[in-house]
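Student: Okay, sequence plus prediction incoming.
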Amino acid sequence: MHATWAKRGCQPQIPVTGARKSVKVFGCVDIVSAKFIYGLDEVFNAQTYLVFLEKIAKQYHNEKIFYIQDNASYHKDSEVWSWFKDNRKWIEVYNLPPYSPELNATERLWHHTRVSGTHNRYFESKAALLGALEHVFADVQKHPSQISGYLAAFL
């Protein structure tokens, strides 16, 4: 829930077209450094998730990581688990219990994104929405201290 300030008796009006503009974003956050990696795609599925995992592999080559994911259907795909098995020397994966977003550190980042980039804003086009998201994400990548407070509960 978010608060919105307005003159008493004058409810703010946010223009809408009726058409939903959505963007698919894969993301993970390092809870120690607040380093954020993301990927944009048209769909969420095992193939696009594998592309995202390869992006993580490039960022964290030669480092052992503990990767915690939620229960999205594509996380359970046999190709994805085969990838994890093939890369187990550097990545150890854990699944969160079902319906437990409070245990998912990345949910805190999505909250930050909504509050600082998309809440109560009108976007004329999908490109405008993408621009706002990329601005928030680039800012978090340059200044991870913006989200480190959100992650303190996970340390």
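Tutor: It's in. Residues are numbered from 1 along each chain as shown.
Student: Now do the helix or strand containing Thr48: which elements does it pack against?
Tutor: Per DSSP states H and E, Thr48 falls inside helix 46-59. Helix 46-59 sits against strand 24-29, strand 36-41, helix 78-86, with contacts defined as 3 or more C-beta pairs under 8 Å, 6 or more residues apart in numbering; DSSP states H and E. For glycine as for every other residue, the C-beta is placed from the backbone atoms N, C-alpha and C.
Student: Could you dump these into a markdown table with mean neighbour count, distance to Ala152 and mean pLDDT added?
Tutor: Output for the helices and strands packed on helix 46-59, formatted as a markdown table (neighbours: other C-beta atoms under 10 Å; distance: least, C-beta to C-beta, whole Å; pLDDT from 0 to 100):
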| stretch | mean neighbour count | distance to Ala152 | mean pLDDT |
| --- | --- | --- | --- |
| strand 24-29 | 19 | 13 | 96 |
| strand 36-41 | 17 | 16 | 95 |
| helix 78-86 | 13 | 28 | 98 |
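Student: if I pick Asp41, what's in contact with it?
Tutor: If you count contacts by C-beta atoms under 8 Å, 6 or more residues apart in numbering, Asp41 has them with Lys24, Phe26, Thr48, Val51, Phe52.
Student: how about those, which pair is most distant?
Tutor: Lys24 and Val51 (11.9 Å; C-beta to C-beta).
Student: hmm, back to that, can you list the contacts of Asp41 in a markdown table and add distance to Val115?
Tutor: Listed next are those as a markdown table, based on distance: C-beta to C-beta, whole Å:
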| residue | distance to Val115 |
| --- | --- |
| Lys24 | 20 |
| Phe26 | 20 |
| Thr48 | 26 |
| Val51 | 28 |
| Phe52 | 24 |
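Student: what's the closest of these to Glu42?
Tutor: Lys24 (6.4 Å).
Student: Spatially nearest residue to that closest one (excluding sequence neighbours)?
Tutor: Asp41 (4.9 Å; C-beta to C-beta, 6 or more residues apart in numbering).
Student: how close does the one you found get to Arg114?
Tutor: 19 Å (C-beta to C-beta, to the nearest Å).
Student: residues contacting the nearest residue to Tyr38 once chain neighbours are set aside?
Tutor: Leaving aside its chain neighbours, Tyr38 sits nearest to Gly27 (4.2 Å; criterion: C-beta to C-beta, 6+ apart). With contact set as C-beta under 8 Å, 6+ apart, Gly27 has these partners: Phe36, Ile37, Tyr38, Gly39, Thr106, Leu109, Trp110.
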